[in-house]
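Q: Provided below are the primary sequence and the corresponding predicted coordinates.
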Amino acid sequence: AFPTKKWAGGNNPKAIDEEAVVRLANAAAEAETVRRVVLLTSVGVDRTGEMPFLVLNLFGVLDAKKAGEDAVRRAGESGAYDYAIVRPGRLVGGPYTNLDLAKLMQIEGGAENGVTVEAGDALLGDCKRDACAEAVLQCLERDECKNAAFSIVSNEEAALTDEQWKDAFLGMQ
């Protein structure tokens with residue numbers, strides 16, 4: 001991501017993806033009622049020295065997201081809560097909020113909501129917003145996603161069933 005007028009007044013990756021997430025992770029760790037935290041970040045956080053992530057991280061966006069991930073993971077590993085870190089590819093499909101090719105071309109990302117899920121930061125591609133939202137919900141509901149970090153991109157297959165989500169999460173353990 002590149003600086004825009006939206007970054008004015010402290011609305012920038014360091015403030016949002018790092019500092020705010022660190023504060024949220026710490027507050028969640030202190031709250032006795034928080035059982036699970038699901039953080040949505042981005043593919044590329046572990047590959048900032050590789051293309052295309054080298055360019056995407058020129059202004060520290062992926063570094064800030066990684067720092068937020070680290071805070072959530074640290075608190076989770078201390079026993080404060082379970083966590084899941086969801087790393088989608090480039091978000092496509094409405095609403096079109098970014099000034100990029102996906103917005104200009106109104107890219108929907110395919111007819112189906114199929115996804116490829118892989119542990120860590122290994123995938124590259126687009127991820128439909130609704131498929132990404134489904135992954136977040138699955139992480140909130142499934143113990144199989146406990147303390148996991150994974151990447152997700154859309155594919156042209158049918159959407160995963162609940163059983164397939166379970167199997168995908170178990171396959172990452």
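A: On my side now, so go ahead.

Q: for the rest of this, base every contact and every neighbour count on C-alpha atoms.
A: Noted.

Q: next SSE downstream of the helix or strand of the chain with the lowest mean pLDDT?
A: The helix or strand of the chain with the poorest confidence is helix 101-105; it has a mean of 50 (mean pLDDT, DSSP states H and E). The first helix or strand that comes after helix 101-105 along the chain, using DSSP states H and E, is strand 114-119.

Q: tell me the mean pLDDT over that following strand?
A: In this model, strand 114-119 has an average pLDDT of 94.

Q: and what of stretch 155-163?
A: Across stretch 155-163, the average pLDDT comes to 90.

Q: in it, what's buried?
A: 155, 159, 160 (16 or more other C-alpha atoms under 10 Å).

Q: so residue 123 touches residue 90, yeah?
A: No: between residue 123 and residue 90 there is no contact under C-alpha atoms under 8 Å: 10.8 Å.

Q: and the strand or helix carrying residue 22, how far from the chain's centre?
A: Secondary structure from DSSP H and E places residue 22 in helix 21-30. Taking C-alpha atoms, centre = their mean, to the nearest Å, the mean C-alpha location of helix 21-30 is offset from the chain mean by 17 Å.

Q: separation between the nearest residue to residue 13 once chain neighbours are set aside and residue 77?
A: Spatially, and ignoring its direct neighbours in sequence, residue 13 is nearest to residue 61 (5.4 Å; C-alpha to C-alpha, 6 or more residues apart in numbering). Per C-alpha to C-alpha, to the nearest Å, residue 61 is found 24 Å from residue 77.
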